[in-house]
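Participant: I'll drop the sequence and a predicted model, then ask my questions.
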Amino acid sequence: MNFKRILLIFLVSFTLLDVFLFFMVVVNVRFTSIGRQTSANDIVMKEISNESISFNGHLAKDSHTGYYYSMSKGNDTNSLQGKTGHLHGQTTRFENGLLTSTFTHPIKNDVVTKTNNFDRIVHDPKKILHGQDYYYNNDLSSKHYVVYTEKLDGRPVMGEDGRLTFRINRNNQIVGYTQSYLKPGRILRPWKKTISQQQAVIELYKHNELPSNSKIHWVDLGYTRLLSTKNKAVYVPTWVAAVRVKNGGKTQHLKVNALTGTVIKNDNLVVNVGNSTTTSRPNVE
């Protein structure tokens, strides 16, 4: 065996050894990092439990994907205001992008088939404009208000725009609704991974948003308004958590930007309270 061949064998062997060692280092660093993150999260979750903060079910650790959306508000005459002439059996008024309607004859609400009842109304073009764009949202609904929302990327819009809210009186009759509308928009940036449901709760805890002795009733991933002008708005994936103090306090709806993990303070989530509507981190009975 000549010297050049021996040298070649050594070079190949050392190259393969270097590649193997590099791979092992990368894998070790990756799993060490994951292990540290998992360990840190486990510690925080234990702290949350020690403060008597509980939650329904299991907080998922998997991430999702989302986009930044640019949306046009339906303030023009082609969206809502200019089409109210197509509606029958109701009186309407339009102000600041919000359509308010009162049915001429209240509609009986059959509790047994509640969702089917409202679906029929929503999909009736003589009663609701753009009804095909709205979907029932159980979490935002209550005894006297049934809420439908538009969706972005298959997820609900959790804010004052893109919402259809039915009013129910004490006689269990549907007396009317309010409606805002977002026209189809466009994606501003390529998709990004979101933080997990569990990480969103951890971020709320780290920023002292979760009171002791409270319960997290649900944590949903939807879209909320990040920036807004008169006719356009930017929407971002957002984890919204419904939190209530166990001794009978109010329910707060807290938000975390699902792409950055930032707690959102300027909450524009609208929740119906009794006979009124509130914004800015509302409390609901």
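Facilitator: Noted; the coordinates are in hand.

Participant: N138: how many residues sit nearby?
Facilitator: 10 (other CB atoms under 10 Å). For glycine as for every other residue, the C-beta is placed from the backbone atoms N, C-alpha and C.

Participant: go on, T194?
Facilitator: Other residues near T194 come to 24 when the count uses other CB under 10 Å.

Participant: wait, it sits on D62?
Facilitator: No: counting by CB atoms under 8 Å, T194 sits too far from D62 to count as a contact (9.6 Å).

Participant: show me how the record splits this protein into domains.
Facilitator: The record's domain parsing of the chain by automatic domain parsing lists 1-50, 52-68+186-284, 73-185.

Participant: can you tell me how far the closest residue to E150 other than its chain neighbours is from M71?
Facilitator: Leaving aside its sequence neighbours, E150 sits nearest to G162 (CB to CB, 6 or more residues apart in numbering; 3.5 Å). Going from G162 to M71 by CB to CB, to the nearest Å gives 8 Å.

Participant: give me the common contacts of these two.
Facilitator: Residues touching both G162 and M71 (CB atoms under 8 Å, 6 or more residues apart in numbering) are L182.

Participant: neighbour count winner among the two?
Facilitator: Of the pair G162 and M71, G162 is the one with more neighbours under other CB under 10 Å, namely 28 against 23.

Participant: mind checking how far the more buried one is from Y134?
Facilitator: For G162, the distance to Y134 (CB to CB) stands at 8 Å.

Participant: what do these two both touch?
Facilitator: The contact sets of G162 and Y134 overlap at 149-150 (CB under 8 Å, 6+ apart).

Participant: low-confidence stretches in this protein?
Facilitator: 1-38, 74-78, 111-115, 266-285 (pLDDT under 70).

Participant: which parts of the stretch 51-200 of the chain are helices?
Facilitator: Along the stretch 51-200 of the chain, the stretches classed as helices by DSSP state H, counting those that start in this stretch are 114-122, 197-206.

Participant: would you format the ones you listed as a markdown table with distance to L129 and mean neighbour count included?
Facilitator: A markdown table is the format used below for the helices of the stretch 51-200 of the chain (distance: least, CB to CB, whole Å; neighbours: other CB atoms under 10 Å):
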| stretch | distance to L129 | mean neighbour count |
| --- | --- | --- |
| helix 114-122 | 10 | 16 |
| helix 197-206 | 34 | 21 |
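
Participant: out of these, which is closest to V44?
Facilitator: With CB to CB as the measure, helix 197-206 is the member of the helices of the stretch 51-200 of the chain nearest V44 (5.0 Å).

Participant: which neighbouring elements make contact with the closest one?
Facilitator: With contacts defined as 3 or more CB pairs under 8 Å, 6 or more residues apart in numbering; DSSP states H and E, helix 197-206 has these neighbours: helix 3-50, strand 214-228, strand 232-245, strand 251-257.

Participant: off-centre distance for it?
Facilitator: Distance of helix 197-206 from the chain centroid (CA atoms, centre = their mean, to the nearest Å) equals 15 Å.

Participant: wait, what's in contact with the most centrally placed residue in the chain?
Facilitator: The chain has G222 as the residue nearest its centroid, 1.9 Å off, counting by CA atoms, centre = their mean. Counting by CB under 8 Å, 6+ apart, G222 makes contact with 149, 155-158, 237-238, 240.

Participant: how about it: what's its closest non-neighbour residue?
Facilitator: Using CB to CB, 6+ apart, the closest residue to G222 is M158 (3.9 Å).

Participant: tell me who's in contact with that neighbour.
Facilitator: By CB under 8 Å, 6+ apart, the neighbours of M158 are 140, 149, 220, 222-224, 238, 240, 255, 269.

Participant: how about those residues in JSON lines, adding distance to H88?
Facilitator: Output for these, formatted as JSON lines (distance: CB to CB, whole Å):
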{"residue": "L140", "distance to H88": "27"}
{"residue": "T149", "distance to H88": "24"}
{"residue": "D220", "distance to H88": "34"}
{"residue": "G222", "distance to H88": "32"}
{"residue": "Y223", "distance to H88": "32"}
{"residue": "T224", "distance to H88": "34"}
{"residue": "T238", "distance to H88": "37"}
{"residue": "V240", "distance to H88": "35"}
{"residue": "K255", "distance to H88": "38"}
{"residue": "L269", "distance to H88": "32"}
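
Participant: closest to R120 among these?
Facilitator: Closest approach between these and R120, by CB to CB: T149, at 18.1 Å.

Participant: contacts only, for V44.
Facilitator: V44 touches 202, 205-206, counting by CB under 8 Å, 6+ apart.
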